[in-house]
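Undergrad: below are the sequence and a predicted model for it; my questions follow.
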Number of protein chains: 2
Amino acid sequence: MAVAELSHAYTRTDFRNTHISYVSSSTRISYNHRLSFRHLPRTQTTAIRCSVTSDQIQAPAGIDIRDPKQKPDCFGVFCLTYDLKADEQTKSWKKMINIAVSGAAGMISNHLLFKLASGEVFGPDQPLALKLLGSERSFEALEGVAMELEDSLFPLLREVSIGIDPYEVFEDVEWALLIGAKPRGPGMERAGLLDINGQIFAEQGKALNAVASRNVKVMVVGNPCNTNALICMKNAPNIPAKNFHALTRLDENRAKCQLALKAGVFYDKVSNVTIWGNHSTTQVPDFLNAKIHGIPVPEVIRDRKWLEEEFTEKVQKRGGVLIKKWGRSSAASTAVSIVDAIRSLVTPTPEGDWFSTGVYTNGNPYGIAEDIVFSMPCRSKGDGDYELVKDVIFDDYLRNRIKKSEDELLAEKKCVAHLTGEGIAVCDLPEDTMLPGEM
Amino acid sequence: MAVAELSHAYTRTDFRNTHISYVSSSTRISYNHRLSFRHLPRTQTTAIRCSVTSDQIQAPAGIDIRDPKQKPDCFGVFCLTYDLKADEQTKSWKKMINIAVSGAAGMISNHLLFKLASGEVFGPDQPLALKLLGSERSFEALEGVAMELEDSLFPLLREVSIGIDPYEVFEDVEWALLIGAKPRGPGMERAGLLDINGQIFAEQGKALNAVASRNVKVMVVGNPCNTNALICMKNAPNIPAKNFHALTRLDENRAKCQLALKAGVFYDKVSNVTIWGNHSTTQVPDFLNAKIHGIPVPEVIRDRKWLEEEFTEKVQKRGGVLIKKWGRSSAASTAVSIVDAIRSLVTPTPEGDWFSTGVYTNGNPYGIAEDIVFSMPCRSKGDGDYELVKDVIFDDYLRNRIKKSEDELLAEKKCVAHLTGEGIAVCDLPEDTMLPGEM
């Protein structure tokens, strides 16, 4: 009981600094969950927002300093409450939203969190709380990230909390951006990766089901993201299946860039690009329905051989080329694509255009197998929800390519049956389809 | 003549993809400068925006593809020109601005470049060209950064170019964000660091003087930034001395955060914080003139001992604590503070408030020695220019602290006299005043 012993000398960190309708997690979470929280020495806590000890606190005019004992989720002296409502009224801000980010100490998050906090994603009138999920190993790094967010003085960022227990971190979240995943170790088969990461996403799905907002939107970035999203969804039966997304937006962005390069146009002239299928090498960047200057791509780029044979490869090899040149994976552009993916759900889709996101296939109009997470073309009214686009065309080439990605995802599903509550896993994954640069 | 030999087999990279009033640098730059450009094998260029070979180019409607020979700065097939003016007219965009960033392959830039490109800094109607300055060693990484910017599809980002020659990269730039500097090697004295980085900034000052916009704003981030800014300024006599800044905004932001923590208020309630002096441990975070909820800080935080003895230390130790926790220096919050510093110059300062920036002391109303770069309180009308704030108060404590930082900067100036054209350098720097986390 090393952890229990520590709790005498240490005290739990709490970053909450705003007065919101927060329900104590103690009613929902078992004693074991509480103990699994990492505890911090008191001397470290001066670095953490809202971690003001009572003897340090002056009596500033107009500030509501509560007795820590009155706030059930505050431990000891680490509570200080601001009246956010006053700000909301004077600035006509929206109601604060809670956003959880997993893998919060990683490089993608290091870009994403600052974009979220700056107001770039949800707008200049949307205050937010960031809830960072990390691991025992990354806990100090999480503190570092929280300190940097603090030093950035973002007015909209009203709360930062950090933790390693998804049952705590996901409480009441309206968005869960699931970036953290284990990288593939040396000699690990894709089946092994599916299993090890699938377990993480099964656990996180259960946690979301138990404590998140009933309409939480879940964006899975950690690979293999389609099947991770499926596993997460299956473990969260009380959350609408439609709310789970697997990120294919970076692929869409890269596809637009390659089409622009080939056509000799600026990338903002390329629209209606769909990524179909799995975020793997079986993915299908769709040139048939894509447009340049509103004209179908095959009429602008008449080099069918390039479109069929080189285009997809250029999109897929991008990550690998970047790693080679840059020495790091493409964290910054991945974060941008997550921003794009969220914005596409919270702002109305421009007339005539669409965006790609990996979503649940049940009820799809394309004849794609049901009960998998598949990237497809979507439109949104900007309410966080989406509809699949109906007016797309197919030819034999596109059908065949989509079929291959569909087969792969059905095989992946069988391989994680033990994690979706559908029996015994049978893994028959013929080839390695991880994208270069995402190993 | 290894480089000259290479130029037969390789060809220079050029990222320019917009049609702007670009003057060939060949009239200004010597043959040696040209040769000092890094050359790339043709096979690598498919990754670079605008690097479309002529046999790949279709004939898209409405796109002005020029004969490469007509564009004097284009080599071979790597030219493609868009008509940005059409976009400017339809979208009522401002005229494009050119922004140079040095140390562009580093972590601070990796955050900053994406913030610039997103429109977060200069606004949603300001198209821009990013000109990335790196080193021979970092050239492939620069390509990686450019590729990620390309994949991010920022509509406002009309041009990305990369290079290792400041005489090329700084051409016509309206902003020069000088982040790159050599880190201090093992056993290197501060005088050695001043010399090695001073030489870089002397060269960059000369290049700005020769080719940049006549009203270029220069923000020096690379350390020791005050004296680097002075050196840069002295080597650019044709650019107004007032236009050179040394970044102390991260210190200001951290000071605001620490005052907020101590007072138990949200950081947006803290205003009028000045960082005086050098970006080093002699810097003076000014609590005397600072306000919380509009009330002077000493009336809100009555713990004078904390203000005099602990406050400065907390601000200064922040970087070191972060490195320890996070394992990396504070790139993200540094980038945010650069954004803040630029925004403070291009948007009007809120009524009654001010911001800190290290600027030239000539004509200052505080009695600070002339002819150094010193952080002081400023206000701006949002036109890129600023005025020093007059209504600040001093007490003996503040005067003495400011004097110490002034003395240090005067000693640093003597130490780099060989780089400012003022004679023989005499170095008498008694102690190490590098900030923790910035070694």
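TA: Sure, I can see it.

Undergrad: neighbours around A:Gly294, how many?
TA: 10 (other CB atoms under 10 Å in any protein chain shown). Glycine gets a C-beta too; all of them are placed from N, C-alpha and C.

Undergrad: hang on, it packs against A:Val270?
TA: No: A:Gly294 lies out of contact with A:Val270 (CB atoms under 8 Å); the separation is 10.4 Å.

Undergrad: buried ones in the longest helix belonging to chain A?
TA: Across chain A, the longest stretch assigned as helix under DSSP state H is helix A:190-211. By 16 or more other CB atoms under 10 Å in any protein chain shown, the buried positions in helix A:190-211 come out as A:190-191, A:193-195, A:197-198, A:200-209, A:211.

Undergrad: same check on stretch A:338-346?
TA: A:338-346.

Undergrad: closest to B:Arg399 among the residues you listed?
TA: Nearest to B:Arg399, judged by CB to CB, of those is A:Val339 at 47.5 Å.

Undergrad: wait, is the closest one part of a helix?
TA: Yes: the assignment for A:Val339, made by DSSP: H, G, I helix; E, B strand; the rest coil, places it in a helix.

Undergrad: picking up where we left off before, what pairs with the very next helix or strand once past the longest helix of chain A, and is each one parallel or antiparallel?
TA: Moving toward the C-terminus from helix A:190-211, the next helix or strand (DSSP states H and E) is strand A:217-220. Paired strands of strand A:217-220, with direction, are strand A:175-178 (parallel), strand A:244-246 (parallel) (DSSP bridges).

Undergrad: right, and the helix or strand after strand A:217-220?
TA: Criterion used, DSSP H and E; the element after strand A:217-220 is helix A:225-234.

Undergrad: residues near the residue of the stretch 1-150 of chain A found nearest chain B, how many?
TA: Taking CB to the nearest CB as the measure, the point where the stretch 1-150 of chain A comes nearest chain B is A:Gly144, at 2.8 Å. Residues lying near A:Gly144 (other CB under 10 Å) number 24.

Undergrad: then A:Val265?
TA: The number of residues near A:Val265, taken as other CB under 10 Å, comes to 21.

Undergrad: before we move on, the earlier item: does the residue of the stretch 1-150 of chain A closest to chain B touch B:Trp326 like I think?
TA: Yes: with contacts counted by CB under 8 Å, A:Gly144 reaches B:Trp326, the gap being 2.8 Å.

Undergrad: what parts of the stretch 101-250 of chain A come near chain B?
TA: A:110-111, A:114, A:118, A:120, A:140-141, A:143-145, A:147-155, A:158, A:250 (CB under 8 Å from any CB of the partner chain).

Undergrad: what about 6 Å?
TA: Taking CB under 6 Å from any CB of the partner chain as the criterion, the stretch 101-250 of chain A approaches chain B at residues A:110, A:114, A:140-141, A:143-144, A:147-148, A:150-153, A:155.

Undergrad: helix or strand, whichever it is, which one in chain A has the lowest mean pLDDT?
TA: Least confident helix or strand of chain A, by mean pLDDT, DSSP states H and E, is helix A:31-36 with a mean of 29.

Undergrad: and the helices in the stretch 301-439 of chain A?
TA: Under the criterion DSSP state H, counting those that start in this stretch, the stretch 301-439 of chain A carries helices at the ranges A:304-305, A:311-326, A:331-346, A:396-415, A:417-420.

Undergrad: please disregard the earlier target; I meant the stretch 51-200 of chain A.
TA: Using DSSP H, counting those that start in this stretch, helices in the stretch 51-200 of chain A cover A:84-91, A:107-118, A:139-151, A:166-169, A:190-211.

Undergrad: so what touches the last one?
TA: Meaning helix A:190-211. A:166-167, A:170-171, A:176, A:181-182, A:184, A:228, A:231-232, A:235-236, A:238, A:415-416, A:419, A:427, A:429, A:432 (CB atoms under 6 Å, 6 or more residues apart in numbering or on different chains).

Undergrad: roughly how far does the nearest residue to A:Ile99 once chain neighbours are set aside sit from chain B?
TA: Once flanking residues are discounted, A:Ile99 sits nearest to A:Trp175: 4.5 Å by CB to CB, 6 or more residues apart in numbering or on different chains. Using CB to the nearest CB, to the nearest Å, A:Trp175 is found at 20 Å from chain B.

Undergrad: so what's A:Trp175 scoring on pLDDT?
TA: Per-residue confidence (pLDDT) for A:Trp175: 98.

Undergrad: do the same with A:Pro430
TA: 73.

Undergrad: for the one 3 residues further on, same thing?
TA: A:Thr433 is assigned 84 on the pLDDT scale.

Undergrad: ok, it to A:Glu189 distance?
TA: 12 Å (CB to CB, to the nearest Å).

Undergrad: so between these two, which is more surrounded?
TA: A:Thr433 (19 against 12).

Undergrad: flag every buried residue along stretch A:325-334.
TA: A:325-326, A:328-334.

Undergrad: off-centre distance for that stretch?
TA: 17 Å (CA atoms, centre = their mean, to the nearest Å).

Undergrad: could you give the mean pLDDT of that stretch?
TA: 88.

Undergrad: quick check, that stretch touching chain B?
TA: Yes: Stretch A:325-334 reaches chain B (CB under 6 Å from any CB) through A:325-326, A:330, A:332-333.

Undergrad: show me what that stretch is in contact with.
TA: So stretch A:325-334 is in contact with A:107-108, A:111, A:250, A:319, A:322-323, A:437, B:110, B:114, B:140-141, B:143-144, B:148, B:151-152, going by CB under 6 Å, 6+ apart.

Undergrad: just the buried ones from these?
TA: Members of the contacts of stretch A:325-334 classed as buried by 16+ other CB under 10 Å are A:107-108, A:111, A:250, A:319, A:322-323, A:437, B:110, B:114, B:140-141, B:143-144, B:148, B:151-152.
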